[in-house]
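Colleague: starting from these lines, generate the structure:
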Amino acid sequence: MRNSIGNSLILTIFGESHGEMIGATLDGLPAGIKVECENIKKMLTKRRPQALIDTSRHEEDDFNIVSGVYNGYTNGNPLTILIKNQDVKSRDYEKNANLPRPSHADYPAHIKYHGYEDFRGGGHFSGRITAGIVAIGAICLNILQNKNILVASHILQCGNICDQPFKDFDDEIKMLDKKVFPTILDAEEQMTNAILKAKEEKDSIGGIIETAVTGLEVGLGEPWFDSVESVLAKALFAIGGVKGLEFGSGFNFATMKGSTANDQFSLKDDKIITTTNHNGGINGGLTNGMPVVMRLAIKPTPSIGQIQDSVNLATHKMEKLTITGRHDPAIIRRICPVINSMVAITLCDILASAHGSDYLLDK
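Modeller: Numbers count the residues shown, from 1 in each chain. So this is what the prediction gives:
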């Protein structure tokens, strides 16, 4: 099992959903970066369940920075954050231990780890593990903000309910930073009702997240295997529930002609820009100075209360499965801070690889 990603900055995650604790380590940060615990708390709060549309599992997410920070600043050692698991109910899973849940990792994990996997709550595959990513991401988001690089996500679509795409990037990003339910338009009530309707039907709902990054310099990335798209894609597809990713106009390019799809150049205040941004701020794998825009397809939460078919791994016979426990009818809101965090960690790695890790210092 490999649990690390990155080049100059190496992120490692660890723990299980019902284990004693979860956490994350970021190795490669230079000494001298201020670590704001309030920012970490703020990000973890955005990820935490808060309403009827979220799981009833309520973790306080009390975190402890056990290495890499001294007197409020990074000291050059691996930065490790631990978060205790406190609200676990393993009995909800033990009675169906031999019945793999549809669209979960249960069956392939059972085969890969020869039956020694921790199946409770999905074990290491659980969305619970993203709390460590968010804690580390809060630090990286602050690093980027000090470089005037902003990152934000909003719920572009939840079921059949749609929000407005990004237009006024910097203003909308700053507005979204203040929201717990991140939409640009006032779509929260409609989306909430759609989620609650699915919950009443013992079902779940998916959607689309749109993420934007502004303030990136021109020329970051590499032309082939470390293109900005491929590096971000590797990180973002690691998040459970992400099943599709497009940059700029993405799959809409299929119906466009080059005369429309091409982003023509212009000057604004003596700065080279493009008049459109169909390529999502990236050409040839390199940033071009325009906002990097991506959209992620989020599948419906696979844990639903309806009766489903499964195969008993012990008897090798068909059985009916009813999933119990505490689950989100939609992860569309809570996944936004996870995406922002993963994007921020990845961008800090790209910047450190391009300029050296000391570039991340606030100078």
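
Colleague: for the stretch 1-150 of the chain, what spans make up the strands?
Modeller: For the stretch 1-150 of the chain, the strands defined by DSSP state E, counting those that start in this stretch occupy 4-5, 10-15, 21-27, 63-67, 69-70, 73-74, 79-84, 150-158.

Colleague: chain center to the third one, what's the gap?
Modeller: On the basis of C-alpha atoms, centre = their mean, to the nearest Å, the separation between the geometric centre of strand 21-27 and that of its chain is 16 Å.

Colleague: which positions within it qualify as buried?
Modeller: 22-27 (16 or more other C-beta atoms under 10 Å). The C-beta positions use only the backbone N, C-alpha and C, and glycine is treated the same way.

Colleague: Leu267: which of those residues is nearest?
Modeller: Lowest distance from Leu267 to the buried residues of strand 21-27 (C-beta to C-beta) belongs to Leu26, with 39.3 Å.

Colleague: from Thr74, how far off is the residue lying farthest from the centre of the chain?
Modeller: For the chain, the largest distance from the centre (C-alpha atoms, centre = their mean) belongs to Thr315, which lies 37.3 Å off. Plainly put, Thr315 is 53 Å away from Thr74 if you go by C-beta to C-beta, to the nearest Å.

Colleague: just Ile307 next, same as before
Modeller: Distance of Ile307 to Thr74, given as C-beta to C-beta: 51 Å.

Colleague: one step back: just the pLDDT at the residue farthest from the centre of the chain, thanks.
Modeller: You'll see Thr315 listed with a pLDDT of 94.

Colleague: contacting residues around the nearest residue to it once chain neighbours are set aside?
Modeller: With C-beta to C-beta, 6 or more residues apart in numbering as the criterion, Thr315 has its nearest non-adjacent residue at 7.6 Å, and that residue is Asn98. Applying C-beta atoms under 8 Å, 6 or more residues apart in numbering, we find Asn98 in contact with 312-315.

Colleague: distance of Asn98 relative to Ser17?
Modeller: Separation of Asn98 from Ser17 (C-beta to C-beta): 18 Å.

Colleague: related to what we said a few turns ago, pick out whichever of the buried residues of strand 21-27 sits closest to Leu360.
Modeller: Looking across the buried residues of strand 21-27 and measuring by C-beta to C-beta, the closest to Leu360 is Leu26, at 11.0 Å.

Colleague: hey, what's the closest one bridged with?
Modeller: Under the criterion DSSP bridges, Leu26 forms beta bridges with Leu11, Leu79.

Colleague: you'd agree it is up against Ile13?
Modeller: No: contact criterion C-beta atoms under 8 Å: Leu26 and Ile13 do not qualify, at 10.2 Å.

Colleague: shared neighbours, these two?
Modeller: Residues touching both Leu26 and Ile13 (C-beta under 8 Å, 6+ apart): there are none.
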